[in-house]
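Peer 1: return a 3D structure for these sequence lines:
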Amino acid sequence: GARKGLLYDGLLDDGTCAQLLALVEEDRELPMRAGRVRAASRRLSERVPTDLARPIARTAPDQSNTSVFFGKRLVMKLFRRIEPGPNPDLEMSDFLARHHFARIPPLAGAMEYARDGEEPAAVAMLQQYMYNQGNGWQVTIEELGRYFERVVTLPPPAPVGQVLSDPPAPPDEVAQAIGTYLTLADVLGRRTGELHARLADDAGD
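Peer 2: Sure thing, here's the model as predicted:
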């Protein structure tokens, strides 16, 4: 109408983010103009006290979601593409939580938007925050940078004959230049294998 003002994303407001967190933790439902928002919590072993859910921080939004951090105790991922039906991110986390897979952040709750005659659409998911040094991609890129800095001063390694039955380990000088990343890559491979094995546990789902 005749009013003028500034319209901005509510996720930039700490009060709005705190209300969204309370909505999930208290299993509340909000009526909307053409539907309702329903939130449900998953009880973690320890509930995060309100004073530890600060400060509130955010990631830069990407194409599909924005994440809000509550005092490095909880992280809420809000989906920017709201579509009726199962959300793969939430569905996967829920499945693994029900099958007691401990290698992902525990699911603490979720929020959905429901309209009559349509499947609910996932709005947000809440997870326990896990202390980390970055995701696998960031760690790999940083380690590659350090590797190239180290390896440029080394002589070329002696050629190694190909063994089809058992690929050879890298030469000692190469392994030393790669450093601890070989161990990290081994752990990542094992965790990925454990994930797929757990997903295959339930043949009916």
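Peer 1: tell me which element Ile141 is part of?
Peer 2: Here Ile141 sits within helix 136-151, counting by DSSP states H and E.
Peer 1: and Asn65, how close does it get to Met32?
Peer 2: 20 Å (C-beta to C-beta, to the nearest Å). Every residue, glycine included, has its C-beta placed from N, CA and C.
Peer 1: and stretch 33-47, which residues are buried?
Peer 2: By neighbour count with 16 or more other C-beta atoms under 10 Å, stretch 33-47 contains the buried residues 35, 37-39, 41-42, 44.
Peer 1: make that stretch 16-36, sorry
Peer 2: 17-18, 20-21, 23-25, 35.
Peer 1: among those, which lie within helices?
Peer 2: The helices, defined by DSSP state H, take in 17-18, 20-21, 23-25 from these.
Peer 1: between these, which is closest to Pro105?
Peer 2: When these are compared for distance to Pro105 (C-beta to C-beta), Val24 wins out at 14.9 Å.
Peer 1: and the contacts of the longest helix seen in the chain?
Peer 2: Using DSSP H to define each element, the chain has its longest helix at helix 181-199. The contact list for helix 181-199 (C-beta atoms under 8 Å, 6 or more residues apart in numbering) reads 95-96, 99, 101, 103-104, 136, 139-140, 143, 147, 170, 175.
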